[in-house]
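# The following block contains a protein sequence and its predicted model.
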Amino acid sequence: MPYRLTVLGTGYLGATHAACMADLGFEVLGLDVDAAKIARLRAGDLPIYEPGLDELLKRNLEAGRLRFTTSYEEAAEFGDVHFICVGTPQKPGEYAADTSYLDAVVESLAPHLTRECLVVGKSTVPVGTAARLAEKLVRLAPAGEQVELAWNPEFLREGYAVRDTLHPDRIVIGVASEKAEKILREVYAPMLTAGVPLIVTDYPTAELVKTAANAFLATKISFINAMAEVCEAAHADVKQLSLALSYDERIGGKFLNPGLGFGGGCLPKDIRAFMARAGELGADQALSFLREVDAINMRRRARMVDLARELAGGSFHGCNVAVLGAAFKPNSDDIRDSPALDVAVNIRNQGGRVRVYDPVALDNARRAHPELEYGESAFDVARAAHVVLLLTEWQEFVELDPEELGRVVAERNMVDGRNALDAEAWRAAGWHYRALGRP
Ligand code: UDX
């Protein structure tokens, strides 16, 4: 392999990218400013839950293709291509994204860049960021114009990160020169020869592809959840509605699952940052619909609490509520903007006794919400519960036996926040079953 790669930032995105690129045969050096995280990665101990990544990390560490460091000097010395994979979280109290971690990477790396290299941004950013960082890079690097920037947005989903990285639907690169394009074509050659489409654009288009994709996905989820609201008012069934819509190939069934809506570290903050950036550009009207997408999404959480209170007899006081799920979605330990935890905290604030269980996100939930109570299994938290809420559709919850669970609860009340359970089976076992958007 001709190029040596660095990956700057080893969170969900960076850890996955580093391990996957090493697995393709590249020599990869991962960098993070968090020394504890680097120590764990060096020991082959993945700090996050991501199916399949553990094995990839260990295999490539052992093969010597993958190493980790906290030194920018070492990274600059080592790498021909530097991938920036740091986060761009929502600024507290604002809609805008905080791009300061990206600036920090550029400011730390650039002064050590004394030879030709390519820096590739993968983070999700407000359009215009790449042009700004490109200028900064050239200004701060001793190698000056020999250092170039490219923008290469990442579309991976948590829970499927390895598959999405190694077999992406498409690769998008925003470049300012043919040289940068040539280098990235070589880096991604294994995927390109396998037929993955490549779209070569300028910086702003590449940046926008990512935010537009996430805005579309969020809109699709909020569309079906808006239909769920109408179904509730009209006594119709949104699950059947969604199924019927999905057979229209122009609509398709993916991202059309009605329920508690979207959360996580990406969709909610990305649509808000997109609106904020459009406002700065004088194009806020174009994205005003995203405000509605966000509002519909947040209303689902409120509706979930209302349904639970109804089943609790009008008040949560003296009521034991079992919450199944803490992660923002199954197959992840990520609790950032988790609808499940939002609902749990809300019910607790209204006087309910809430006990939460999640197969992998419990530690993260405990740290973020020490005020909640936790249990070690679905049966544990459901013991003596008056209402059970399914808020994250982990397979082990979908497979729960309604008869068995019914034996431990105080009352057989279930609110299925993800439309994941077999309503008939639960009703047949004597449960009062309610779901979002269904009669
Ligand atoms: C998302 C994008 O899918 C990915 O391309 C981008 O790179 C990062 O953001 P991720 O946040 O990992 O990925 O999760 P995703 O699988 O997209 O789910 C997002 C949220 O939408 C979850 O809370 C999920 O429960 C919810 N969702 C998804 C629905 O409520 N209904 C659906 O039909 C699909």
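Nice, I can see it.
# Gly44 contacts Leu61, correct?
Yes. In terms of CB atoms under 8 Å, Gly44 counts as a neighbour of Leu61; the distance is 5.3 Å. Backbone N, C-alpha and C define where each C-beta goes, glycine included.
# more neighbours, those two?
Leu61 (18 against 15; other CB atoms under 10 Å).
# Check the secondary structure at the residue nearest to Glu371 when sequence neighbours are not counted for me.
Sequence neighbours aside, Arg348 is the residue nearest to Glu371 in space, at 6.8 Å (criterion: CB to CB, 6 or more residues apart in numbering). At Arg348 the chain is in helix, as set by DSSP: H, G, I helix; E, B strand; the rest coil.
# Help me confirm that Arg348 comes into contact with Arg355.
No. Judged on CB under 8 Å, Arg348 makes no contact with Arg355 at a distance of 10.0 Å.
# overlap in contacts of the two?
The contact sets of Arg348 and Arg355 overlap at Leu372 (CB atoms under 8 Å, 6 or more residues apart in numbering).
# Would you tell me which helix is longest in the protein?
helix 203-234 (DSSP state H).
# for it, the distance to its chain's centre please.
15 Å (CA atoms, centre = their mean, to the nearest Å).
# Check stretch 84-92 too.
Worked out by CA atoms, centre = their mean, stretch 84-92 lies 12 Å from the chain centre.
# now stretch 10-23
On CA atoms, centre = their mean, the centre of stretch 10-23 falls 15 Å from the chain's centre.
# tally of neighbours for Gly64?
Gly64 has 9 nearby residues by other CB under 10 Å.
# cool, and the one 3 residues further on?
Using other CB under 10 Å, Arg67 has 19 other residues around it.
# where does it land in three-state SS?
Three-state call for Arg67 (three-state DSSP): strand.
# so it bridges to which residues?
Leu29 (DSSP bridges).
# mind checking pLDDT for it?
Per-residue confidence at Arg67 stands at 98 (pLDDT).
# Who are the contact partners of it?
When contacts are counted by CB under 8 Å, 6+ apart, Arg67 touches 28-30, 42, 61.
# Buried ones among those residues?
Taking 16 or more other CB atoms under 10 Å as the criterion, what is buried in the contacts of Arg67 is 28-30, 61.
# pLDDT value on the residue lying closest to Thr205 once chain neighbours are set aside, please?
Spatial nearest neighbour of Thr205, excluding adjacent residues (CB to CB, 6+ apart): Gly174 at 6.2 Å. Note on Gly174: pLDDT of 98.
# Am I right that Gly174 is in contact with Glu207?
Yes. Using CB under 8 Å, Gly174 is in contact with Glu207, at 6.6 Å.
# Let me know how buried the residue of the stretch 301-439 of the chain found nearest the ligand is, in neighbour terms.
Residue nearest to the ligand within the stretch 301-439 of the chain (CB to the nearest ligand atom): Lys329, separated by 3.8 Å. Lys329: 20 surrounding residues under other CB under 10 Å.
# Surely it is within a strand?
No. Going by three-state DSSP, the assignment for Lys329 is coil, not a strand.
# Tell me which residues touch the nearest residue to Ala63 once chain neighbours are set aside, please.
Leaving aside its chain neighbours, Ala63 sits nearest to Ala22 (7.7 Å; criterion: CB to CB, 6+ apart). Contact analysis of Ala22 by CB under 8 Å, 6+ apart lists 28, 56, 60, 63, 65-66.
# same thing with Tyr49?
Tyr49 neighbours (CB under 8 Å, 6+ apart): 332-333, 360-361.
# need these in CSV with secondary structure, pLDDT and neighbour count, can you?
CSV is the format used below for the contacts of Tyr49 (DSSP: H, G, I helix; E, B strand; the rest coil; pLDDT from 0 to 100; neighbours: other CB atoms under 10 Å):
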residue, secondary structure, pLDDT, neighbour count
Ser332, coil, 95, 28
Asp333, coil, 96, 21
Val360, coil, 97, 16
Ala361, coil, 98, 26
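# Name only those of the contacts of Ala22 that count as buried.
By neighbour count, with 16+ other CB under 10 Å, the contacts of Ala22 hold 28, 56, 60, 65-66 as buried.
# quick one on the thing from earlier: out of the buried ones among the contacts of Arg67, name the two that are farthest from one another.
Maximum pairwise distance among the buried ones among the contacts of Arg67 (CB to CB): 12.0 Å, between Leu29 and Leu61.
# Tell me where this protein has strands.
4-8, 27-31, 66-69, 81-84, 117-121, 147-151, 171-174, 198-201, 320-324, 353-357, 373-374, 387-390, 413-416, 432-435 (DSSP state E).
# I'd like to know which elements the first one is packed against.
With contacts taken as 3 or more CB pairs under 8 Å, 6 or more residues apart in numbering; DSSP states H and E, strand 4-8 sits against helix 12-23, strand 27-31, helix 72-78, strand 81-84.
# go again using 6 Å as the cut-off
helix 12-23, strand 27-31, strand 81-84 (3 or more CB pairs under 6 Å, 6 or more residues apart in numbering; DSSP states H and E).
# Relative to the ligand, which of these is closest?
helix 12-23 (8.1 Å).
# Now look at the closest one and say if it contacts the ligand.
No. Helix 12-23 does not reach the ligand (CB under 6 Å from any ligand atom); its nearest approach is 8.1 Å.
# That helix vs strand 4-8, what angle?
Between helix 12-23 and strand 4-8, the angle comes out at 170 degrees (axes from the mean of the first three to the mean of the last three CA atoms, to 10 degrees).
# number of nearby residues for the nearest residue to Trp394 once chain neighbours are set aside?
Leaving aside its sequence neighbours, Trp394 sits nearest to Pro330 (CB to CB, 6+ apart; 4.6 Å). As a burial measure, Pro330 scores 20 neighbours (other CB under 10 Å).
# which residues does Pro330 contact?
Residues counted as contacts of Pro330 (CB atoms under 6 Å, 6 or more residues apart in numbering) are 392-394.
# go on, Thr6?
Thr6 neighbours (CB under 6 Å, 6+ apart): 29, 75, 79, 82.
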